[in-house]
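Novice: need a 3D model of the following:
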Amino acid sequence: MTKAQIYQSAPSEHPRDSWIHLVDYWYSEKGKEENNNREPSVLEMFKSTHKKKDGTFVKDTLTEDFLDDVDVNVQTEIDMYPTSTKSRVQIENEAFN
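Specialist: All right, here's what the predicted structure looks like:
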């Protein structure tokens, strides 16, 4: 996804200006260093914007269930197609959509 596409994919419950600031951070040098010099997946961005300060998700919410399902789908594809040329980021982006 391009930066512009990520700007447009802001979660409805996340203020747009905060989302843009967060995306800008992810694309900054410091943000890239924290992500091993690669663009974070949409899944990684979603997770980071939906965690509480202690790093956990709110229990018994649709967010937690949704992310559990996406994680299972990602791992299933990785396990089913171990020789795939897709990167983990690509698989996560596809599973998220």
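
Novice: which residues of this structure fall in helices?
Specialist: Assigned by DSSP state H, the helices in the chain fall at 3-8, 16-27, 29-34, 42-49, 62-80, 88-96.

Novice: how about the ones you listed, which one is nearest Gly55?
Specialist: Among these, the nearest to Gly55 by Cβ to Cβ is helix 42-49 (9.7 Å). All C-beta spots, glycine's among them, are computed from the backbone N, C-alpha and C.

Novice: so how far is Val58 from Gly31?
Specialist: 25 Å (Cβ to Cβ, to the nearest Å).

Novice: now the terminal residues of stretch 80-92, how far apart.
Specialist: 15 Å (Cα to Cα, to the nearest Å).

Novice: buried sites along it?
Specialist: 89, 91-92 (16 or more other Cβ atoms under 10 Å).

Novice: what about that stretch, average pLDDT?
Specialist: If you average the pLDDT over stretch 80-92, you get 90.

Novice: which residues touch that stretch?
Specialist: 38-44, 70, 74, 77-78, 94 (Cβ atoms under 8 Å, 6 or more residues apart in numbering).

Novice: wait, Met1 touches Val42, no?
Specialist: Yes. Between Met1 and Val42 there is a contact under Cβ atoms under 8 Å: 6.4 Å.
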